[in-house]
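> Got a predicted structure here, sequence first:
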2 protein chains.
Amino acid sequence: MWRLYQYPLCPFSRKVRLALAEKGVEVELVPELPWARRDEFVDLNPAGQTPVLVGDRGAALIDSTAICEYFEETIERMPLLGASAADRAEVRRLCVWFDQKFYAEVGHILLAERMFKRIVQRAAPDGGALRTAGRNLEHHLGYIEYLLDHRRWLSGTTFGLADIAAAAHLSVIDYLSALDWHGHATAKQWYSAIKSRPTFRALLSERMDGLAPPAHYDKLDF
Amino acid sequence: MWRLYQYPLCPFSRKVRLALAEKGVEVELVPELPWARRDEFVDLNPAGQTPVLVGDRGAALIDSTAICEYFEETIERMPLLGASAADRAEVRRLCVWFDQKFYAEVGHILLAERMFKRIVQRAAPDGGALRTAGRNLEHHLGYIEYLLDHRRWLSGTTFGLADIAAAAHLSVIDYLSALDWHGHATAKQWYSAIKSRPTFRALLSERMDGLAPPAHYDKLDF
């Protein structure tokens, strides 16, 4: 069985876990806190980041995008990237949007302020940084609404990796009590549909040591 | 013909240009300075970044990775991602390494200090930032040497997108007079082999307005 090195609040590990679950690939979870810079883990991935997926023969797949593309190529069940080359270009554009732009402007700031400072540095979050992330989040929720005004799912007519990437990142900031759907009813409805998928429910039952989510976090009625 | 919105020192546009040239796809270059935030360009790509590739029917391909994957899927000539799914995972891991890690730790800093401050802000570069980028660059050149100790090209036995991505990013910092091969003879030899490819030579003849490269920049003997 594949072993996935990850920690519960890593958005990129969540993306991989959701994609693999949709494709029916079972993985054994190996807890790994990348900031501990464990020697054996850095040997496995010189970039020092989660997720890393290791197969039975010891070969490692590194980086959430490379992992998702690998299983899209090797497992036919539940295509997540789209039917045509143009469809796949749009899915990949949106994955980059959430993995890089959303993460830099929202997710990374909130993980630093509300997770890392709390459980590692034992420091108070910076109010200015939290406000910046909050303002950026409003723009991103607005962009999700804009996409959903024209489409059933983020990249078009079918559920796919763009929805998984977006939901993975949003679920992390929801755990960090930073997600307010007020004024974004269409986006909330889309997230509600993802939240009710069996693949997502397993993930929402997990907890990060030393950090509890808000009461609504794993509720379908939020 | 495809139109590519780009500017001469954008490493991601260079990566796309090299990949398309290797595949024999002709493009018309459209100059675009993303920091100008031109309305029509932001309408085309809400992320506001180069490169964007627009087809004859007006459809836009956005993001260097999505563009390269699109042409890998649609044009058989000169495969750049590798033969097996595992090969492609390694190529994709290394592209992420250079597009995200190298860019954040080296390229982005040097573009901000040596290009943006000079031609846009008319300010002097920050010495501390340049030293940080220089130290990070040494680590990256060391990693390239490490890979080439075991492999003919960065991802394995064949030239591909990992080499293109790395060379694109390195060529930008070379233009900015920030690349010193001293102590990295193996990496220099690899770069020399790429520099002599016809696809690369076209790119090296271009200049960024208001910013001249060092004398060795487009020489094969550097």
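That came through fine. If you're wondering where the values come from, they're calculated on a predicted model, not measured in any experiment. Numbering: from 1, shown residues only, chains lettered A, B, ... in the order given.

> can you pull out the helices in chain A?
For chain A, helices defined by DSSP state H occupy the ranges A:11-22, A:39-44, A:64-74, A:85-96, A:108-110, A:127-150, A:161-175, A:185-195, A:198-204.

> and the residue nearest in space to the middle of chain A, what pLDDT?
Central residue check for chain A by CA atoms, centre = their mean: the C-alpha nearest the mean position is that of A:A168, 2.5 Å away. The model reports A:A168 with a pLDDT of 98.

> okay, now the domains of chain A?
A:2-74, A:85-204 (automatic domain parsing).

> Distance to B:R197 added to those domains, as a markdown table?
Just so you know, the C-beta spots here come from the backbone N, C-alpha and C atoms, and that holds for glycine as well. Output for the domains of chain A, formatted as a markdown table (distance: least, CB to CB, whole Å):
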| stretch | distance to B:R197 |
| --- | --- |
| domain A:2-74 | 25 |
| domain A:85-204 | 26 |
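
> Of all those domains, which one is nearest B:A86?
With distances scored as CB to CB, the stretch of these nearest to B:A86 is domain A:2-74 (6.5 Å).

> what about the closest one, near chain B?
Yes - using CB under 8 Å from any CB of the partner chain, domain A:2-74 reaches chain B at A:46-47, A:59, A:61-63, A:65-67, A:69-70, A:73-74.

> from the residues you listed, which would you call buried?
A:47, A:61-63, A:65-67, A:69-70 (16 or more other CB atoms under 10 Å in any protein chain shown).

> In TSV, list these along with pLDDT and distance to B:L18.
Converted to TSV, these look like this (pLDDT from 0 to 100; distance: CB to CB, whole Å):
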residue	pLDDT	distance to B:L18
A:A47	97	23
A:L61	98	26
A:I62	98	24
A:D63	98	21
A:T65	98	20
A:A66	98	20
A:I67	98	26
A:E69	98	21
A:Y70	98	24
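
> Tell me the one among the residues you listed nearest to A:P125.
Checking those one by one against A:P125 (CB to CB), the nearest turns out to be A:A47, at 26.5 Å.

> nearest spatial neighbour of that closest one, skipping sequence neighbours?
Distance criterion CB to CB, 6 or more residues apart in numbering or on different chains; nearest residue to A:A47, sequence neighbours excluded, is B:K101 at 5.9 Å.

> now swap in A:G142 and tell me
Once flanking residues are discounted, A:G142 sits nearest to A:H184: 7.5 Å by CB to CB, 6+ apart.

> Identify the residues contacting the one you found.
In this structure, A:H184 makes contact with A:141-142, A:144-145, judged by CB atoms under 8 Å, 6 or more residues apart in numbering or on different chains.

> any idea how far chain B is from it?
With distances taken as CB to the nearest CB, to the nearest Å, A:H184 is found 17 Å from chain B.

> Return the distance of that residue relative to B:W190.
The gap separating A:H184 from B:W190 is 49 Å, by CB to CB, to the nearest Å.

> how about stretch A:117-125 as PDB, C-alpha atoms only?
This file holds the C-alpha atoms of stretch A:117-125, laid out as PDB (Å, rounded to 0.1, in the frame of the first residue of the first chain):
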ATOM      1  CA  LYS A 117       2.500  30.500  16.100                       C
ATOM      2  CA  ARG A 118       0.100  28.700  18.400                       C
ATOM      3  CA  ILE A 119       1.400  25.100  18.400                       C
ATOM      4  CA  VAL A 120       5.100  25.700  17.600                       C
ATOM      5  CA  GLN A 121       6.100  29.300  18.600                       C
ATOM      6  CA  ARG A 122       3.600  29.800  21.400                       C
ATOM      7  CA  ALA A 123       3.100  33.300  20.200                       C
ATOM      8  CA  ALA A 124       0.000  35.500  19.500                       C
ATOM      9  CA  PRO A 125      -1.100  36.000  15.900                       C
END
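
> give the contact list for A:E72.
Shown in contact with A:E72 (CB under 8 Å, 6+ apart): A:79-81, A:161.

> ok, the residue lying closest to A:I75 once chain neighbours are set aside to chain B distance?
Of all residues not flanking A:I75 in the chain, A:K23 sits nearest, at 4.9 Å (CB to CB, 6+ apart). From A:K23 over to chain B the distance is 14 Å, taken as CB to the nearest CB.

> and if you look at A:A133?
From A:A133 to chain B the distance is 18 Å (CB to the nearest CB).

> Then A:V120?
According to CB to the nearest CB, A:V120 and chain B sit 21 Å apart.

> what's the distance between A:G24 and chain B?
Distance, A:G24 to chain B, by CB to the nearest CB: 17 Å.

> Touching, that residue and A:M78? I think so.
Yes - with contacts counted by CB atoms under 8 Å, A:G24 reaches A:M78, the gap being 7.4 Å.

> Which one's more surrounded, these two?
Higher neighbour count among A:G24 and A:M78: A:M78, with 15 against 11, using other CB atoms under 10 Å in any protein chain shown.

> ok, the more buried one touching A:E22?
Yes - between A:M78 and A:E22 there is a contact at 4.9 Å, judged by CB under 8 Å.

> can you pull the pLDDT of the nearest residue to A:R37 once chain neighbours are set aside?
Distances taken as CB to CB, 6+ apart place A:G48 nearest to A:R37, at 6.1 Å, with adjacent residues excluded. A:G48 carries a pLDDT value of 97.

> thinking again about what came up before, quick one: which of the contacts of A:E72 is nearest chain B?
Lowest distance from chain B to the contacts of A:E72 (CB to the nearest CB) belongs to A:L81, with 9.2 Å.

> tell me, how many neighbours does the closest one end up with?
By other CB under 10 Å, the residues close to A:L81 number 22.

> now A:T50
Neighbour count for A:T50, taken as other CB under 10 Å: 23.

> Could you check how far it is from B:P125?
Taking CB to CB, one finds A:T50 at 34 Å from B:P125.

> Repeat that for A:V52.
37 Å.

> More neighbours: which of these two?
The neighbour comparison of A:V52 against B:P125 (other CB under 10 Å) goes to A:V52, with 26 against 18.

> Name all residues that make contact with the nearest residue to the more buried one once chain neighbours are set aside.
Nearest residue to A:V52, sequence neighbours excluded (CB to CB, 6+ apart): A:Y5, at 4.4 Å. Residues counted as contacts of A:Y5 (CB under 8 Å, 6+ apart) are A:30, A:32, A:41, A:44-45, A:50-54.

> measure stretch A:19-32 end to end?
20 Å (CA to CA, to the nearest Å).

> A:L111 reaches A:L9, doesn't it?
Yes - using CB under 8 Å, A:L111 is in contact with A:L9, at 6.6 Å.

> Quick check, A:M208 in contact with A:C10.
No - A:M208 is beyond contact range of A:C10, at 9.8 Å (criterion: CB under 8 Å).
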